[in-house]
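Sequence below, structure please.
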Amino acid sequence: SSSRWGQSLLTHGRRWYLVNAKGQNVGRIATQVATVLQGKNKPIYHPTANCGDPVVIINADKVQFSGKKWEQKLYRHHTLYPGGFREVVAEDLHKRKPTEVLRKAISGMLPKNTLRKQFMRQLYLVEGEDHPYHANIIAELEPSREAMPELPKMFVIQRAEGDDVPVPEGFELLSETEIKEE
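Numbers count the residues shown, from 1 in each chain. Sure thing, here's the model as predicted:
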């Protein structure tokens, strides 16, 4: 009975997560954090309830974009005045407000309903490594790394006798016992 109570506490309780964004892609971090903020990683998830966990992101100013997005990605808004349409390049927004690029990415991945404000209140973006939430952090979210797919057999090299040519990166060398087995 007490073990069930402990399981229930872990399921329904709030766990604070820490994410280090240094050198990570904005979109990959945003999807991972949006999932935790909504509580989709819990068995009690329901789309109309706020069952997500708070997330602290350190080094939020050291994120990366792939390609030329720093120069080409535009953030648009309207001031609600006539002729008030504004466009800001990602690089300029990052210089002015270093954490805003990541905040906008995460906000854009959350559902567009009344829960979005509640989810965003549980997000804490910090520019450096120092943050005041050390006592609250329970777990650390590791950035998702895509696993390198296995190479097809056409990239496997069989070495001939007396061959001293180096094996290129990304290729593997079959030993003589593996060649005999095939």
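
For the residue nearest in space to the middle of the chain, give its distance to residue 18.
With distances taken as C-alpha atoms, centre = their mean, residue 29 lies nearest the centre of the chain, 1.7 Å away. Residue 29 sits 12 Å away from residue 18, going by C-beta to C-beta, to the nearest Å. Just so you know, the C-beta spots here come from the backbone N, C-alpha and C atoms, and that holds for glycine as well.

list residues touching both of these two?
Both residue 29 and residue 18 are contacted by residue 57, under the criterion C-beta atoms under 8 Å, 6 or more residues apart in numbering.

picking up where we left off before, which residues sit in contact with the residue nearest to the centre of the chain?
19, 21, 57, 63, 102, 105, 106, 143.

Just confirm the first one is within a helix.
No - secondary structure assignment places residue 19 outside any helix; it is strand (DSSP: H, G, I helix; E, B strand; the rest coil).

so what's it scoring on pLDDT?
We have a pLDDT of 95 for residue 19.

Likewise for the last one?
What the model reports as pLDDT for residue 143 is 71.

Start and end of stretch 37-49, how far apart?
11 Å (C-alpha to C-alpha, to the nearest Å).

Not counting its own residues, what contacts that stretch?
Taking C-beta under 8 Å, 6+ apart as the rule, stretch 37-49 contacts 11-12, 35, 50-53, 55, 106, 110-111, 115, 119-120, 122-123.

and which of the residues you listed is nearest residue 69?
residue 106 (16.2 Å; C-beta to C-beta).

That closest one falls within a helix, correct?
Yes - assessed with three-state DSSP, residue 106 lies in a helix.

if I look at it, how far off is residue 135?
24 Å.

Compare those two and say which is more crowded by neighbours.
residue 106 (24 against 6; other C-beta atoms under 10 Å).

If you count neighbours, what's buried in the helix or strand where residue 28 lies?
Using DSSP states H and E, residue 28 falls within helix 26-38. Residues of helix 26-38 classed as buried: 26, 27, 28, 29, 30, 32, 33, 34, 35, 36, 37, 38 (neighbour count, 16 or more other C-beta atoms under 10 Å).
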